[in-house]
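**Student:** I would like the atomic coordinates for the input below:
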Amino acid sequence: MGQFSVKISASPGSVLGATQQRRRRMIRGIIPKPSRGRWMDNVFIERLWRSVKYECVYLHAFETGSELRAGLGRWFTYYNHHRPHSALAGRTPAEAYGHIGPSDHEGHAPHGLMAKLAA
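**Tutor:** Numbers count the residues shown, from 1 in each chain. The predicted structure follows:
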């Protein structure tokens, strides 16, 4: 399959292909160059969004936007400081990235913690 290119008329009498225009903008630093890691970033964001939906949003019947915002704030506090992550060898992100010392949860979520945070 060939590369898709749209012709853009910049001014009367001059036509520039969109791919050429993008390349020139990248050279000038106007738009960032694509990086190889972006697909990996998407994988992590999709995984996070799935956790947010199934562990917070779908479990609570938030009535207003402010209730949702407060609930998400509590959930992200739980996610970052109390919820162990298998990709981090059972540590929380705060432990793994040096924000707090190791906790005593031994790789398991403490019983009732999310209920306490949700209240």
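
**Student:** After the longest helix seen in the chain, which helix or strand is next? Please name it.
**Tutor:** Longest among the helix segments of the chain by residue count, using DSSP state H, is helix 65-81. Downstream of helix 65-81, the next assigned helix or strand under DSSP states H and E is helix 93-96.

**Student:** Give the other helices and strands that that next one contacts.
**Tutor:** Counting contacts by 3 or more C-beta pairs under 8 Å, 6 or more residues apart in numbering; DSSP states H and E, helix 93-96 packs against helix 65-81. Bear in mind the C-beta positions are built from the backbone N, C-alpha and C, glycine included.

**Student:** Go through the helix it packs on and flag the buried ones.
**Tutor:** Applying a neighbour-count criterion of 16 or more other C-beta atoms under 10 Å, one finds G71, L72, R74, W75, Y78, Y79, N80, H81 buried in helix 65-81.

**Student:** Which elements pack onto the longest helix of the chain?
**Tutor:** Counting contacts by 3+ C-beta pairs under 8 Å, 6+ apart, helix 65-81 is packed against helix 38-52, helix 93-96, helix 113-118.

**Student:** Tell me how confident the model is about the second one, as a mean pLDDT.
**Tutor:** Looking back up the chat, that one is helix 93-96. Averaging pLDDT along helix 93-96 yields 89.

**Student:** quick revisit: would CSV of the buried residues of helix 65-81 with distance to Y97 and pLDDT be doable?
**Tutor:** Formatted as CSV, these follow (distance: C-beta to C-beta, whole Å; pLDDT from 0 to 100):
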residue, distance to Y97, pLDDT
G71, 24, 95
L72, 21, 95
R74, 20, 96
W75, 19, 95
Y78, 16, 94
Y79, 13, 92
N80, 9, 91
H81, 11, 91
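
**Student:** how about these, which pair is most distant?
**Tutor:** G71 and H81 (16.1 Å; C-beta to C-beta).

**Student:** Quick one: closest of the helices and strands packed on helix 65-81 to Q21.
**Tutor:** Here helix 38-52 is closest among the helices and strands packed on helix 65-81 (C-beta to C-beta), at 21.0 Å.

**Student:** In terms of mean pLDDT, which of the helices and strands packed on helix 65-81 ranks lowest?
**Tutor:** Mean pLDDT is lowest for helix 113-118 among those, at a mean of 54.
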